[in-house]
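Chemist: next input, structure requested:
(one chain, ligands or ions: 2)
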Amino acid sequence: MDANVNCPGCGEPILPGRRYCEHCGVDLAVAALLAEQQALLPARIPQGIPISPELLVPRIGDYLIERGLLKPSQLQRALALQEQRARAGKPLLLGQVLLELNLITRETLDEVITAQILQLQNAITEANQLLKQRVEERTRELRQALERLSELNQLKSNFIANISHELRTPLTHIKGYLDLLAEGALGSLNADQQSALTVLKKAENRLERLVEDLIQFSLASHGGLGLNLSKTDTTRLVQTAVDRSRNKARQQGILLEANLPDSLPPIYADEDKIGWVLMQLLDNAIKFTPKGGQVSVRAGLIQKDLINFIVSDTGIGIPDERLSEVFEPFHQLDSSASRRYQGTGLGLAMVKQIIEAHGAQIQVKSIVGAGSNFEFSLPVRCNGKLVI
Ligand SMILES: Nc1ncnc2c1ncn2[C@@H]1O[C@H](COP(=O)(O)OP(=O)(O)OP(=O)(O)O)[C@@H](O)[C@H]1O
Ligand SMILES: [Mg+2]
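Modeler: Ligands and ions are numbered 1, 2, ... in the order given. Next comes the predicted model:
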C-alpha cells in the first residue's frame, strides 16, 4: 500500500502493509472491498479499455447533467457515438467521447471525476461507521443475551435446590408411615395389602433417591461438593459396587464380572463418592445392555502411581457426536415420552463432578451396537503417603 494513501475512515495516512487503520481502526480490506463493489460493479467495464480514474466513477453522464454541465440531448449523442465505437471494435470511455465531441473540457472532466471519487470516499466512510455501529450493537445484544442466560441458569439451579428440599419433608412422612405399616404398628395387613406396600416402598425409594440426587447435584453446581479424602481399599471399593449391582444384573439377564489383579494399592479418594460413581456407571451399563450381554469392571495400576478404573458393557452404545452430551445434566439420548429406560439424566453429570473434584477426568469410548467404556484414574496411596 502506498505511503501517501489516506484512510477512508479518518483521512489519516495509511502505513504500507497495514490491515487496519492505526488511527481509527477501520478494516482497510473491507473498505477496499466496498470501494470495489460500489465503483466497479455498476460501471460495466467495456473490454479492452485500460483502467483509468473514470472507471471508478459510475454514471458520469447523469452526474454532469445533475450539475448542469451537460444537456440530456448531448449525453444521448455521446452515448450513441460510444456505442458506434464499441461496435467498430474501438471502445472508449464516456469521458473520452465527451472530450472528442468537445462537449466538456479536460478540466471539467477531471474536476467531475475527482468530486465523484470524493463522494465515493465519503460513502465508504459512512458505510464503515455504520458497520462499526452494527458490530457494537450486536456485541451489546450478545452480552445481554449471555447475562440473561446465566440468570436463567441460576434460576434453574435455585429452583432445583428449593423444590428438592420441599419434596424431602413430605417424603419423610410417607416413608415413616410406610415403615409403621410394614412393621404392623398400625394393624396387621393381609397378603394383598402387603404386596401393595412392597410396591409403595419401592416407589418411595426411587423418589427418595431422585430427591437426594437433585440435592447433591445442586449442591455440587454451587461448588458445595466437599470431599472426604482418605486411604481407600481399592479392591473392596470395586467389589462392594459389583456385589450391590449383582441383583439388578441377574434380573436383566446380564453377566456381571469384576476383573481385578491379586492385589492393588489403596487409592486416595472419597470412598463413598467413588463407590457411588462406580454404582452409577454399573447402573448405566446394566440398564443400556440388552439381555444376554456382559458388563465388567476392571481396575489396574498404570504409570506406577495411578489406578485406572474401567466399566465396560456390550450394550447399545452411544453415537460419536453425542458422547459429550451424556455428561450434561438432564440429557438422555432417548428423551422421547415413550423412552424405554428409566432415570432423570443426572447420573453422569454428577459422576463427572465427583471425578473432576478428585482432580481427574472421566473418559468415554463407545461403538453403537457394540458397547461402551467409561474410564477414570485416581492417585495411589503407598505407606500412608500420597504418591503423586
Ligand atoms: N453405558 C451406556 N450405554 C449407552 N448409553 C449410555 C450409557 N451410559 C449413559 N448412557 C446415555 O447417557 C444418558 C445419560 O446418562 P445418565 O446416567 O446421566 O442418566 P440416566 O441413566 O438416563 O438417568 P439417571 O442416571 O439420572 O438415573 C443416558 O440416558 C443414556 O442415553
Ligand atoms: Mg444413569
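Chemist: I302 contacts S377, doesn't it?
Modeler: Yes - contact between I302 and S377 holds when scored by CB atoms under 8 Å: they sit 6.5 Å apart. The way it works is simple: take the backbone N, C-alpha and C, and place the C-beta from them, glycine included.
Chemist: now for E12, how many residues are close by?
Modeler: E12 has 13 neighbours, counted by other CB atoms under 10 Å.
Chemist: that one reaches G25, doesn't it?
Modeler: No - E12 is beyond contact range of G25, at 11.2 Å (criterion: CB under 8 Å).
Chemist: got the CA positions of stretch 95-110 in PDB?
Modeler: Backbone C-alpha positions of stretch 95-110 (Å, rounded to 0.1, in the frame of the first residue of the first chain) are rendered in PDB as follows:
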ATOM      1  CA  GLY A  95     -15.400  10.900 -20.800                       C
ATOM      2  CA  GLN A  96     -13.200  10.300 -23.800                       C
ATOM      3  CA  VAL A  97     -16.200  10.600 -26.100                       C
ATOM      4  CA  LEU A  98     -17.400  13.800 -24.400                       C
ATOM      5  CA  LEU A  99     -13.900  15.300 -24.900                       C
ATOM      6  CA  GLU A 100     -13.800  14.200 -28.500                       C
ATOM      7  CA  LEU A 101     -17.200  15.800 -29.200                       C
ATOM      8  CA  ASN A 102     -16.000  18.900 -27.400                       C
ATOM      9  CA  LEU A 103     -19.000  18.800 -25.000                       C
ATOM     10  CA  ILE A 104     -16.800  19.300 -21.900                       C
ATOM     11  CA  THR A 105     -13.300  20.400 -21.300                       C
ATOM     12  CA  ARG A 106     -10.500  18.200 -19.900                       C
ATOM     13  CA  GLU A 107     -10.500  20.300 -16.700                       C
ATOM     14  CA  THR A 108     -14.300  19.800 -16.200                       C
ATOM     15  CA  LEU A 109     -13.900  16.100 -16.700                       C
ATOM     16  CA  ASP A 110     -11.000  15.900 -14.200                       C
END
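Chemist: got the contact list for the helix or strand encompassing N308?
Modeler: Under the criterion of DSSP states H and E, N308 resides in strand 306-313. With CB atoms under 8 Å, 6 or more residues apart in numbering as the test, strand 306-313 has contacts from 234, 238, 264-265, 267, 278, 281-282, 285-286, 288-289, 293-302, 371-380, 388.
Chemist: which of I302 and S377 has more residues huddled nearby?
Modeler: Taking other CB under 10 Å, I302 and S377 do not tie; S377 has more neighbours (23 against 10).
Chemist: so the more buried one sits in a helix?
Modeler: No - per DSSP: H, G, I helix; E, B strand; the rest coil, S377 lies outside any helix segment and is strand.
Chemist: and the pLDDT for it?
Modeler: S377 carries a pLDDT value of 95.
Chemist: for L207, list the residues it contacts.
Modeler: Counting by CB under 8 Å, 6+ apart, L207 has contacts L167, L171.
Chemist: regarding it, what is its secondary structure?
Modeler: helix.
Chemist: which parts of the chain are strands?
Modeler: 230-232, 255-259, 267-269, 294-302, 306-313, 363-367, 371-379, 381-382, 385-386 (DSSP state E).
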